[in-house]
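**Student:** Provided below for reference: sequence and predicted model.
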Amino acid sequence: MNTHVHADHITGTGKLKEALPDCKSVLGSKSGARADVYVAQDENVKFGNLALECRSTPGHTNGCTTYVLHEHEMAFTGDALLIRGCGRTDFQQGSPSVLFESVHSQIFSLPKHYKLYPAHDYKGFSVTTVEEELAHNTRLTKTKEEFIKIMDNLNLPYPKRLDESLPANLMCGVTDPVPS
Ligand SMILES: N[C@@H](CCC(=O)N[C@@H](CSS)C(=O)NCC(=O)O)C(=O)O
């Protein structure tokens, strides 16, 4: 289950599907890329006796999805929410305004004790909680206006390998559009 379509996230999917032919790839329905299963807001993906609730959290990319495992009181936020930070919003459908609304409505609305596992650990931590981020997130504790200003002035270097081509099984074919 991919949280969004950036090369540093989806590149292993082709290899997994080769190794496990019954494996089905999952993406948010607004991701604009190829997957076996598309999920929308509030859908549940069941596996074993567990289920992941899908919450649409655009702003880093349009298709960003956060997966919530209520049984274990945790969520996988991809690059929407990072520990003490958030995904950048300066390319590929990024929007600070949309990201601010996504995180506040879909992630900060979870119970405060829920554990959050983002996709990167830039600050050396791999897990946080809703409560910790509500108190200590350096960007998302600000007002929306301040947040937009911060995000518009990050001046981060462009990721080195972002534009490398996607594996064929994740590419949108020219004559084979991705379902909307
Ligand atoms: N140095 C890395 C790129 C770092 C980067 O831009 N990370 C992204 C997530 S991957 S698109 C991000 O959103 N960062 C947020 C931040 O505040 O740093 C490289 O060159 O690959």
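**Tutor:** Everything's here; your move.
**Student:** so what touches the longest helix anywhere in the chain?
**Tutor:** Longest helix in the chain, counting residues (DSSP state H): helix 144-152. Among residues not part of helix 144-152, those counted as contacts by C-beta atoms under 8 Å, 6 or more residues apart in numbering are 86, 88-90, 96-97, 99-101, 139-140, 142. All C-beta atoms are positioned from the backbone trio N, CA, C, and that covers glycine.
**Student:** of those, buried ones?
**Tutor:** Buried members of these, counted by 16 or more other C-beta atoms under 10 Å: 86, 88-89, 96, 99-100, 139-140.
**Student:** state the distance from the residue sitting nearest the centre point of the chain to the ligand.
**Tutor:** Closest residue to the average C-alpha location of the chain: residue 78 at 3.4 Å, with C-alpha atoms, centre = their mean. If you measure residue 78 against the ligand using C-beta to the nearest ligand atom, to the nearest Å, the figure is 10 Å.
**Student:** could you find the closest non-adjacent residue to that residue?
**Tutor:** Nearest residue to residue 78, sequence neighbours excluded (C-beta to C-beta, 6 or more residues apart in numbering): residue 3, at 2.7 Å.
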